[in-house]
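Undergrad: Next input, structure requested:
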Amino acid sequence: MRSRRPDEQRRDRELAQRLADERPTPDPGFRARLRHALAGRSVVTSPRRGEVRRRARRLVAAYATSGLALIAVAAAGVAGLGPLAA
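TA: Modelled structure (predicted):
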């Protein structure tokens with residue numbers, strides 16, 4: 001990479017400053033909606049705390065049920081019954 005002359009560096013700094021000064025800023029409402037969207041929750045449809053807990057309970061119950069079913073199938077296979085019997 002070649003070294004740049006001081007006048008080129010000065011012009012580049014001036015251009016960068018001008019671009020930063022002239023850049024439009026979004027209105028506060030848009031920034032708030034964007035912040036919430038990036039944080040993973042929507043302003044309009046943010047779930048209530050009870051809904052989040054209920055969803056978490058359902059997931060825990062589903063994982064526990066499927067785990068118990070897998071253990072039951074494995075136990076049946078060890079006992080010589082079921083689809084995985086040896």
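Undergrad: And the most centrally placed residue in the chain, how far from residue 8?
TA: Residue closest to the average C-alpha location in the chain (CA atoms, centre = their mean): residue 40, at 6.2 Å. With the distance defined as CB to CB, to the nearest Å, residue 40 ends up 44 Å from residue 8. In this view, the C-beta of every residue, glycine as well, is placed from N, C-alpha and C.
Undergrad: How far does stretch 26-38 sit from its chain's centre?
TA: 17 Å (CA atoms, centre = their mean, to the nearest Å).
Undergrad: same check, this time on stretch 15-23
TA: With CA atoms, centre = their mean, you get 32 Å for stretch 15-23.
Undergrad: what does stretch 65-79 give?
TA: Counting by CA atoms, centre = their mean, stretch 65-79 comes out at 34 Å from the chain centroid.
Undergrad: that older thread, now the residue nearest to the centre of the chain: which helix or strand?
TA: For residue 40, there is no host helix or strand (DSSP states H and E).
Undergrad: quick one, longest helix in this structure?
TA: Secondary structure of the chain read by DSSP state H shows that its longest helix is helix 49-78.
Undergrad: distance between it and the chain's centre?
TA: Offset of helix 49-78 from its chain centre (CA atoms, centre = their mean): 24 Å.
Undergrad: Kindly report the same for stretch 24-34.
TA: Worked out by CA atoms, centre = their mean, stretch 24-34 lies 21 Å from the chain centre.
Undergrad: before we move on, what about stretch 72-82?
TA: With CA atoms, centre = their mean as the basis, stretch 72-82 stands 39 Å off its chain's centre.
Undergrad: Return the alpha-carbon coordinates of the worst-scoring helix or strand of the chain on mean pLDDT using PDB.
TA: The helix or strand of the chain with the poorest confidence is helix 28-38; it has a mean of 87 (mean pLDDT, DSSP states H and E). Output in PDB follows, covering the C-alpha atoms of helix 28-38 (Å, rounded to 0.1, in the frame of the first residue of the first chain):
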ATOM      1  CA  PRO A  28     -36.900   9.000  17.400                       C
ATOM      2  CA  GLY A  29     -39.900   6.800  16.700                       C
ATOM      3  CA  PHE A  30     -38.000   4.900  13.900                       C
ATOM      4  CA  ARG A  31     -35.000   4.500  16.100                       C
ATOM      5  CA  ALA A  32     -37.100   3.100  19.000                       C
ATOM      6  CA  ARG A  33     -38.800   0.600  16.700                       C
ATOM      7  CA  LEU A  34     -35.400  -0.400  15.200                       C
ATOM      8  CA  ARG A  35     -33.900  -0.800  18.600                       C
ATOM      9  CA  HIS A  36     -36.700  -3.000  19.800                       C
ATOM     10  CA  ALA A  37     -36.600  -5.100  16.500                       C
ATOM     11  CA  LEU A  38     -32.900  -5.600  16.800                       C
END
